[in-house]
Structure formats: structure tokens, C-alpha cells
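>>> next come a sequence and a model predicted from it.
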Amino acid sequence: MSKRSQWSAERATSGETSGRQAELRGVISTEEGVSVDSGAAQAGAEREPHGTSVRSVRRALDILGLLSEERPLITLREITDTTGLPKTTVLRLVQTLEESGLLWSDEGGYIAGPGLWRWAYLARSQWEIPRETRKVMRDLADRLGETVNIFVARDLHRVCVAHEESPHPLRHVVDVGHEQPLWAGASSKILLHDASEAQLRRIAQASPHGEDHAAQLRTSAQEAARRGYAVSNSEWDEGLTAVAVPLTSPSGTVVASLSVSGPDHRFPYAAIERFATDLTEAARLISDQGFGHPLSYGRRSARD
């Protein structure tokens, strides 16, 4: 049974029928149990304390975050069960999201609305990696037979901004936009090349190793800079090996990492040396093309 069919069965069991629309479009109850019309709700929102407003925004984003490629449709029951919010609160938030075009009522649930598509199109036009860079990455993935990623640093994390998947059925996949901690992984060792001591302490404090791990982070970054590449083995994902090299600006500043990753058994020592050589050449081509990404522009301010 498909996920959509499973959701359909769940909706039938939970009694969520077409009456859901009438429930949403009728009078909305606030968390305090007082019924208000839309005009009163708007006036109340204007008087809402700042902290409450921020909390409402976070809750709305949590609801949108439930949507994914694996779950393109969500039901009211799934929202309430996952978020733990009262049903009245969920109804109010869902109605606001639907009116804003961020959610769209589909048969038995909600899907991403046209407003999200407009934002996604805007983000893609501003954040997409240049075609020339993608070609270098695709050629590299085909030649090495492993997944190729580009990461940039963002505060305590590294964010995947581009990837080309391995042709093997068993392969490592990191979705664009996915964040991983800077205290682990080959790409982290590259991106921490010129991190401040304060930033290293913050990263170490967020790790399971504690603040004392800052010294190891510095040592690993220095070793990666000396060799020109970094290697990690099961530091973040068990059974995963990665090799990474820097992408630099015209001034020589490290702005991103270019990495290849895959299962341990496909990364013997001889392969690691070859991967590092091929990565270095590919990174030179990408850097010469003038690699740039919005997240990479703010690295220094994020570290300080």
C-alpha cells in the first residue's frame, strides 16, 4: 500500500472527512477556549506579546516542516500527533497557512501551497550552483563512483548546497539544505581552517565531547590544511568514509568544501589518495570558475 493509501486509511479511521473544511472555515477557538471571528482574531494578534508571536511562527514552521518528499501530504491528526499541539491551535495555524498560500487543501489533507512554490523558485534562482560547477561534480561522481558534495559553514553546522549522487545502488545521500555538525566529518576539518578560538569552543560545547574537544578540532583543521585534504571515518554516519578538499576564493580564503563520500569498504587507503588527487583538481577548476554561494559570504561574521 502506498503512503497516500496509508494516509487515506488513517483518515477514514480517524473520522476526518470533508467536514474538516467546515471545521476550519467556521468559528475558530483560541487556546483559551474563547471563540472569536476573523476580525477579532486579527485585532488580538496585533496585541499579542512578542514572545507569543515568535512561538506562533515557530509552530507554523514546525507544521510546514512535516512535509517532505516521503510525506507530501499531511492530515490534521498527523499534525496534532506529531507536534503535540491542541487541535484548536492546529486548526488556527493551518487556516492561517492555507490563507497565506503556504498550505493547500487536498483530498483528505494538506500539501505544499503555491506560496511555497513561489519562494522555492526564488530561492533556487539565487542559491543554485552554476551549471559549470555541477558539470565538474557530475564528472567527478561518475569517475570516482561515489557521491560528491559541496558544504559551506553556517554557525555551528555545515550545510550541503550541492550534491551529485554515486551511480552505485549502495550510496551516501545528503539532501541539499541538510545540516550536519561542524564537530565531525572531513568537510568540517576543511571549513574550520581559519575558525576563531571562540567559534571552536562553541562547536566543541555542542558536541558530545565537551569544550575540551576544541583543541582536537584545531589540530584536525591544521592537519587538513597541511596535507591539502581531510579524511573522516564513521565520525558522523557509521560505516561512512569521506575525503574533502577546500574550495577557495580568489584571495585564497576557504569558502566551501568539496567532498566525496561512500561506504568504508570502497575507500581503501590507495583509493583515498586517488580521491584526494582528483578532488584537488576538481576544486581547482571550480575555484577558477569563481565559486560563490550566499551562505559562504557570511562565514566570517558567523565565526566571530
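Yes, it's here. Not measured: the values here are computed from a predicted model. Numbers count the residues shown, from 1 in each chain.
>>> in the stretch 151-300 of the chain, which spans are strands?
157-164, 179-181, 230-233, 240-248, 254-263 (DSSP state E, counting those that start in this stretch).
>>> how about the CA coordinates for the fourth one, as PDB?
Taking only C-alpha atoms (Å, rounded to 0.1, in the frame of the first residue of the first chain), the coordinates of strand 240-248 have been written out as PDB:
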ATOM      1  CA  LEU A 240      30.800   6.100   6.100                       C
ATOM      2  CA  THR A 241      34.200   7.400   4.900                       C
ATOM      3  CA  ALA A 242      34.700  10.900   3.300                       C
ATOM      4  CA  VAL A 243      37.500  12.800   1.800                       C
ATOM      5  CA  ALA A 244      37.300  16.600   1.400                       C
ATOM      6  CA  VAL A 245      39.300  19.400  -0.100                       C
ATOM      7  CA  PRO A 246      38.800  23.200   0.100                       C
ATOM      8  CA  LEU A 247      37.100  25.500  -2.400                       C
ATOM      9  CA  THR A 248      38.800  28.900  -2.200                       C
END
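>>> listing partners with orientation, what would you give for that strand?
Under the criterion DSSP bridges, strand 240-248 sits next to strand 230-233 (antiparallel), strand 254-263 (antiparallel) in its sheet.
>>> now do the second one
Strand 179-181 has its sheet partners listed here by DSSP bridges as strand 157-164 (antiparallel).
>>> OK, contacts around R202?
R202 is in contact with L156, counting by Cβ atoms under 8 Å, 6 or more residues apart in numbering. To be clear about C-beta, it is placed using only N, CA and C from the backbone, and glycine gets the same treatment.
>>> go again with 10 Å.
Applying Cβ atoms under 10 Å, 6 or more residues apart in numbering, one finds that R202 lies in contact with D155, L156, L182, A195, S196, E211, A214, R303.
>>> find the centremost residue of the protein, please.
Closest to where the C-alpha atoms of the chain average out (Cα atoms, centre = their mean) is H178, at 2.7 Å.
>>> identify the bridge partners of the residue lying closest to that residue once chain neighbours are set aside.
With sequence-adjacent residues excluded and distances taken as Cβ to Cβ, 6 or more residues apart in numbering, H178 is closest to C160, at 4.9 Å. Beta bridges link C160 to F151, judged by DSSP bridges.
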